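1. Could you look at this predicted model? Sequence included:
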Amino acid sequence: MHHTSFPLVAWTPQGLFCKAGGFYIDPHRAVDLAIVTHAHSDHARRGSKKYITVNSGIGLLKTRLGKNISVEGYDYGEQFQLGDVIVSLHSAGHILGSAQVRIQRGSEVWVASGDYKRDRDPSCEPFESVKCDTFITEATFGTPKYTWKKNLEHGEMIYDWWMDSRAKGKNCVLFGYSLGKAQRILAELAHLAPQPILIHSTIAALTECYREQGRKLAPTMELEEKIKMLIFDQRLEGELILAPPSIFKERWSVQLGNYETAFASGWMQGGGNGFSRGGYDRGFVMSDHADWNDLNQTIEESGARRVYVQHRNGVLVRHLKNKGLDAFPVEDLIPEKYTEAGGYNLRLI
Ligand SMILES: [Zn+2]
Ligand SMILES: [Zn+2]
């Protein structure tokens with residue numbers, strides 16, 4: 001064991017950096033080489049010279065960053081060499097083409113998780129557990145109060161809500177992120193939807209990327225197109241609409257007629273009764289992230305003895321320390337704080 005003070009993956013102002021491989025993971029700023037775990041905007045940013053991502057996520061990345069970006073794709077599990085390290089990308093189960101990044105130098109293996117979830121999701125590849133020595137984990141829902149029921153029949157729950165409202169001549173307006181959540185809802189409803197689901201134009205191109213990758217989604221129609229087809233003071237009736245909350249500021253929003261609203265998110269858990277949070281009529285606890293139990297299960301399955309936790313999550317760090325693991329906030333991955341022995345700097349002794 002060599003006691004170098006530079007970690008295989010370091011925390012820098014640009015984001016996670018693998019010096020031995022000459023690349024960043026989800027950099028916050030433009031860099032030469034960026035491995036992008038998935039196309040959400042807090043992970044995929046413009047301006048880098050070259051991107052690496054999973055093949056099934058290339059379409060989404062180009063839709064988000066521009067079709068002229070330089071991007072190299074790999075299949076899940078495919079190994080490739082960058083500098084002195086061997087890299088492979090493994091399914092994170094978060095959205096289509098989302099990846100955990102496995103980095104190997106000699107016998108040393110690190111995994112940076114990106115965002116991940118273990119819940120069933122027909123719109124993307126299932127989560128894969130990857131063994132490693134050091135695991136850098138996300139922790140969006142890293143407190144015990146975020147623990148939800150697994151594998152709920154979200155499709156049927158949304159379908160029932162839609163049919164109830166439709167019988168009353170109302171529309172259902174369902175909010176969720178335009179990338180990932182919207183397509184997951186469409187996949188859950190693929191075999192249930194009795195008519196096309198109306199999607200806001202901001203969701204349309206991303207949704208097409210899913211279809212191009214062979215994902216089975218419910219039929220859709222652009223909301224704005226449908227609105228244009230209405231005559232005089234005609235209103236929408238009995239529709240299921242996937243859209244961002246900003247639609248209520250649109251000039252034509254009066255044509256939405258009578259509607260109920262719902263939000264699909266992990267944040268619907270924990271806080272009040274889970275429903276009618278933030279003024280919505282309904283809430284669907286539907287997360288793209290691991291809950292407390294799944295974070296812990298994933299860390300355990302990784303076999304990692306050392307864990308770095310993102311999102312400034314002190315609760316999870318303390319919990320892991322109590323279980324006997326070497327656990328730190330990811331901000332400790334700066335050379336000054338890092339030694340291979342643990343969380344203090346031997347050079348200072
Ligand atoms: Zn994400
Ligand atoms: Zn994220």
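-> Yep, that arrived. Numbers count the residues shown, from 1 in each chain. Ligands and ions are numbered 1, 2, ... in the order given.
2. burial count for the nearest residue to Asp32 once chain neighbours are set aside?
-> Using C-beta to C-beta, 6 or more residues apart in numbering and skipping the chain neighbours, the partner closest in space to Asp32 is Lys49 (4.9 Å). In short, each C-beta sits where N, CA and C put it, glycine included. Other residues lying near Lys49 total 11 when counted by other C-beta atoms under 10 Å.
3. got a list of what Lys49 touches?
-> Contact analysis of Lys49 by C-beta atoms under 8 Å, 6 or more residues apart in numbering lists 30-33, 70.
4. please redo it, this time with the cut-off set to 7 Å
-> Shown in contact with Lys49 (C-beta atoms under 7 Å, 6 or more residues apart in numbering): 32-33, 70.
5. residues in contact with Glu108?
-> Neighbours of Glu108 in contact, by C-beta under 7 Å, 6+ apart: 8, 133.
6. Distance-wise, check the residue nearest to Asp32 relative to ligand 1.
-> 23 Å (C-beta to the ion, to the nearest Å).
7. how much space is there between that residue and Ala30?
-> 8 Å (C-beta to C-beta, to the nearest Å).
8. Need the per-residue pLDDT for Phe232.
-> Phe232 carries a pLDDT score of 85 in this model.
9. ugh, wrong one, I meant Gly266
-> Here, the pLDDT recorded for Gly266 equals 80.
10. neighbours of it, just the number please.
-> 20.
11. Over to Lys131?
-> Neighbour number of Lys131 under other C-beta under 10 Å is 12.
12. Distance of the nearest residue to it once chain neighbours are set aside relative to His191?
-> Nearest non-adjacent residue to Lys131, counting by C-beta to C-beta, 6+ apart: Gly303, 5.0 Å away. Per C-beta to C-beta, Gly303 is found 38 Å from His191.
13. Also Gly93?
-> 21 Å.
14. Among those two, which residue is more densely surrounded?
-> Legend: neighbour count by other C-beta under 10 Å for Gly93 and His191, higher for Gly93 (22 against 11).
15. That one: what's it in contact with?
-> Contacts of Gly93 by C-beta under 7 Å, 6+ apart are 116-118, 121, 124-127.
16. which stretch of helix or strand covers Glu260?
-> Here Glu260 sits within strand 259-264, counting by DSSP states H and E.
17. After the strand or helix carrying Arg166, heading C-terminal, what element do we hit next?
-> Per DSSP H and E, Arg166 falls inside helix 154-167. Downstream of helix 154-167, the next assigned helix or strand under DSSP H and E is strand 171-175.
18. which stretches of the stretch 201-349 of the chain form helices?
-> 201-212, 223-229, 292-302, 314-322 (DSSP state H, counting those that start in this stretch).
19. Which among those is found nearest to Ser88?
-> helix 292-302 (14.7 Å; C-beta to C-beta).
20. Redo the contacts of Lys49 as CSV? Include distance to Leu8 and neighbour count.
-> Listed next are those as CSV, based on distance: C-beta to C-beta, whole Å; neighbours: other C-beta atoms under 10 Å:
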residue, distance to Leu8, neighbour count
Asp32, 18, 11
Leu33, 16, 19
Ser70, 25, 10
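21. Return the subset of those residues lying in strands.
-> If you go by DSSP state E, these have Leu33 in strands.
22. Looking at the contacts of Lys49, which is nearest ligand 1?
-> Leu33 (20.7 Å; C-beta to the ion).
23. any idea which helix or strand carries Tyr177?
-> Per DSSP H and E, there is no helix or strand for Tyr177.
24. To clarify, my last question referred to Thr37.
-> Counting by DSSP H and E, Thr37 is found in no helix or strand.
25. who are the neighbours in contact with it?
-> 25-26, 43, 92, 98-99, 101, 114.
26. Where does the stretch 151-300 of the chain get nearest to ligand 1, residue-wise?
-> Asp288 (6.2 Å).
27. That residue against Ala92, yeah?
-> No: the criterion here is C-beta atoms under 7 Å, and Asp288 misses it with Ala92 at 9.9 Å.
28. Have a look at those two and say which one is more surrounded.
-> Neighbour count, other C-beta under 10 Å: between Asp288 and Ala92, Ala92 has more, with 30 against 27.
29. Please name the nearest non-neighbouring residue to the residue nearest the centre of the chain.
-> Averaging the C-alpha coordinates of the chain gives a centre point, and the residue nearest to it by C-alpha atoms, centre = their mean is His94 (4.3 Å). Spatial nearest neighbour of His94, excluding adjacent residues (C-beta to C-beta, 6+ apart): Asp115 at 4.4 Å.
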